[in-house]
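1. A structural model of the following input is requested.
(chains A and B)
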Amino acid sequence: MHWLVVVTVLAVNPDLPEPTSPARETPEEKKKLEEEIAKELGTPSLRAPPPSAPSAAPVLAGPAPSASAGSSGTGQAGGSPFARILLLPDISAVGSGALAWNSLDVETASPRSDPFAPAHELQPIFQELELGVQAVVDPYARADIFLSFSPEGAGVEEAYLTTLGLPLGFQIRAGQLYAPFGRQNQQHAHVWAFVDRPLALARLLAADGLGGPGVDVSWLAPIPWFAELHLAYQSLAPAFDPESHRGGLARLIQFFDVSDASTLGVGVSAARIDEAGEDASRDVLGADVFVKIRPPSGRSYLALQGEVLLRRLSGSEAAGGAGDVPEPPGTEWGGYAQAVYRDGPYLAYGARYERAPAATGGPEHRASALATWFPSEFERIRMQLSYDRLPGGSNGFEALLQLEFAIGAHGAHPF
Amino acid sequence: MKTLSIAAALALAALAPAPADAALKVVTTVEGLASLAREVGGDRVQVTSLSRGIQDPHFMDANPTLAVKLRQADLLVDIGLDLEIGWLPPLVNQSRNPDIQPNGKRRLTAASAVAVMEVAQGPVDRSMGDLHPAGNPHFMSDPRRVARVAAAIAAKLGELDSGGAQAYQARLAGFRSRLEESSARWQAQLAPEKGRRIVAHHNSLTYFLDWAGLRAAGYLEPKPGIPPPPSHLAELVGVVKAEDVKGIFLENFYDRRSADIVAKYTGARVVAIPGDVGGFKDERGVLDPKDWFEYMGALVKLVTGALR
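-> Predicted structure coming up:
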């Protein structure tokens, strides 16, 4: 953990020269004057604002090139003066609801995340309203806050600070956050291609997404492709467990440009989470693959995605899981593979196959088909049909018709 | 602390791939900006564009492999006015390069150098389509504004690499005289068509038309980013006939079906234009603009050709 301390020290000393930036000469007089001013203010010159720090506020920044903007054509230099002047954070809301029909009594036969309906009832479901509040805090960090309102109540889905200026490729996120484990766990529901969380993620990771208060330190390796290593320490409530436990996580995610039109992402993740009971623990290993094939000049693409998870409960009597829903003890595995074809700006189709440990033990298989219509970038309507095969030969059928909309300024999503 | 940072720098230098040379690494969001950076930067800069001319810059993916290019950037030049809002901000955050954050000392937003048109006046919401409330970001096809952007890039490069400040200004002067020459030639080509009306797909030619003395009779999109319903196309057919519109222009990354329909009912010509430098090709494969001058020349040629 020594390097972590080093990073923290570097973080609070923003005046350290940046090793990567080439030498730049500021006029000597200016430097001298700066030092004099620093002395006058009683600030040790060590604390003087670094030349490499992002300029504090627009009003303090040096003359922008716009100063020379003249009267060519009509219009206003630099665009609307009102766009950001109020210093309001970006505020957005994402709402989702569904019409669901299930042939199974899902809660006992096939416990999963929302949305689902009581057996043989066509039920309208309010899923979630996500309120996003996002802004840069200061030149050194930004904050992203997502509040979630759902039938279960209101809660803080995520609320974390992200550093912007750490040297050597480090970045720290701290606060309430989804654990850096696998691909889909870190995505909000409105980013998923399919309506619901894969069964394997709900049962082997966490029903509502594995997350909680903690810190995630990541490092972008200085190599020609994208390779990011995450180490996180969080308080986590795994599977269907309402209680939080301490957990440590590690993740390596890499992205490669395979060709002009295709990108490959591969990730491996590992987590160890304490369980109730002496020396009891839950270990989860995961591997994820993401391939996106998109001819550069088009809006259509094919996205292939899959994750495999292996979970082991070990030690003491807790090896059956302490959650609301019984968990098969010992070692279990599951996963999913999906393909989504985005047909231009307005349509998408997908297919998904899943395997997960059933609540009663034994494997549960599920296949889903998806059709999506995007009336605009800010609205989508999805139809998802799933067929479930449970151990013992029983079958389940599910139909979901879901509506989702987004308003306001919602930050762009990672790849 | 100093020793530590030196040690860290050494460690990084050892890890990092050896830089090709000491050239300033300039990353731009679009090819047009990259071309300008090459014009004024010459050998002192090494320029990469995140998007390609054949891509719609509104709908790039925030592909993490692009963050790798931003990590080592000595300067990021973007268009601004929310053109890149769907993909650039997460990449900049992922890059861990603090100086290329908005308003950072190694960030130049080209829009800050030009007079912006179509700035939203009064309340704005998305019933008006997916518009850019801070103004129209498609100013790279207007030589007057391009001159200002080039000047801003030269000034920024001089700031970051003071040893080359004079060289940048000299190259800028050269660029400007070439630009004036070409501009005069283009204007002469356009002169017979002054005041003519055209139809465009998106409001991406606003600045070009303003410079060229042409006007838009209408757009295929009823509102920015909104696909045309048949009723809108029918209305447009009427407009095209009434105003004697000869050319319907759309960037070659757009679906041309709607344009073809309007053309079919009016006899106007549909002309696919490059979206940017590198934005090859029209159907006849004539166009593959390699730098900004070629792009602009191609645009002028296509427009005058269609209006004649």
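2. quick check: domain ranges of chain B?
-> Here the domain parsing of chain B from automatic domain parsing is B:16-113+B:126-183, B:193-307.
3. first vs last residue of the shortest one, how far apart are they?
-> End-to-end distance of domain B:193-307 (C-alpha to C-alpha, to the nearest Å): 7 Å.
4. Any part of it near chain A?
-> Yes: if you take C-beta under 8 Å from any C-beta of the partner chain as the test, domain B:193-307 does meet chain A, through B:207, B:210-211, B:225-227, B:252-253, B:255. Yep, even glycine has a C-beta here, placed from its N, CA and C like the rest.
5. how far does that domain sit from the chain's center?
-> 16 Å (C-alpha atoms, centre = their mean, to the nearest Å).
6. still on that earlier bit, tell me which of the domains of chain B is the most buried.
-> Most buried of those by mean neighbour count (mean count of other C-beta atoms under 10 Å in any protein chain shown) is domain B:16-113+B:126-183; its value is a mean of 21.
7. Using PDB, write out every CA atom in stretch B:213-229.
-> Output for stretch B:213-229, consisting of C-alpha atoms alone and laid out as PDB, is shown next (Å, rounded to 0.1, in the frame of the first residue of the first chain):
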ATOM      1  CA  GLY B 213     -23.500  34.300 -50.200                       C
ATOM      2  CA  LEU B 214     -25.900  31.400 -50.600                       C
ATOM      3  CA  ARG B 215     -29.000  30.600 -48.600                       C
ATOM      4  CA  ALA B 216     -30.700  27.500 -47.300                       C
ATOM      5  CA  ALA B 217     -34.200  27.100 -48.500                       C
ATOM      6  CA  GLY B 218     -34.800  24.300 -46.100                       C
ATOM      7  CA  TYR B 219     -33.400  21.300 -44.400                       C
ATOM      8  CA  LEU B 220     -34.100  17.600 -44.900                       C
ATOM      9  CA  GLU B 221     -34.200  17.300 -41.100                       C
ATOM     10  CA  PRO B 222     -37.300  19.100 -39.800                       C
ATOM     11  CA  LYS B 223     -35.300  19.800 -36.600                       C
ATOM     12  CA  PRO B 224     -31.700  19.100 -35.900                       C
ATOM     13  CA  GLY B 225     -31.200  15.300 -35.500                       C
ATOM     14  CA  ILE B 226     -34.800  14.500 -36.100                       C
ATOM     15  CA  PRO B 227     -35.600  12.200 -39.100                       C
ATOM     16  CA  PRO B 228     -37.900  13.700 -41.700                       C
ATOM     17  CA  PRO B 229     -41.500  12.500 -41.800                       C
END
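8. Rounded mean pLDDT for it, please.
-> Stretch B:213-229 comes out with an average pLDDT of 91.
9. same question, stretch B:59-77
-> For stretch B:59-77, mean pLDDT is 95.
10. now stretch A:379-388
-> The predicted model assigns stretch A:379-388 a mean pLDDT of 97.
11. And chain B, is it touching that?
-> No: if you take C-beta under 8 Å from any C-beta as the test, stretch A:379-388 misses chain B, and the best it gets is 9.9 Å.
12. Which positions in that stretch come out as buried?
-> A:380, A:382, A:384, A:386, A:388 (16 or more other C-beta atoms under 10 Å in any protein chain shown).
13. Tell me which helix or strand comes right after the helix or strand hosting the second one.
-> So the one you mean is A:R382. When secondary structure is defined by DSSP states H and E, A:R382 falls within strand A:379-389. Toward the C-terminal end, the helix or strand that comes next after strand A:379-389 (DSSP H and E) is strand A:395-408.
14. could you give the angle of that following strand to strand A:379-389?
-> In terms of direction (axes from the mean of the first three to the mean of the last three C-alpha atoms, to 10 degrees), strand A:395-408 departs from strand A:379-389 by 160 degrees.
15. Name every strand pairing with strand A:395-408 and say which way it goes.
-> Using DSSP bridges, the strands paired with strand A:395-408 are strand A:90-102 (antiparallel), strand A:379-389 (antiparallel).
16. Mean confidence (pLDDT) on the longest one, please.
-> In this model, strand A:90-102 has a mean pLDDT of 96.
17. Moving along the chain from that strand, name the first helix or strand you hit.
-> Beyond strand A:90-102 on the C-terminal side, the first helix or strand identified by DSSP H and E is helix A:106-109.
18. Go ahead and name everything in contact with that next one.
-> By C-beta atoms under 8 Å, 6 or more residues apart in numbering or on different chains, the surrounding residues in contact with helix A:106-109 are A:112, A:116-117, A:119, A:359, A:390, A:394, A:396, A:398.
19. the helices in the chain, which residues?
-> In the absence of a named chain, this looks at chain A. Secondary structure of chain A by DSSP state H: the helices cover A:2-12, A:28-40, A:106-109, A:199-204.
20. nope, chain B
-> Secondary structure of chain B by DSSP H: the helices cover B:2-15, B:31-41, B:64-71, B:88-95, B:143-160, B:165-190, B:206-212, B:230-242, B:257-266, B:292-307.
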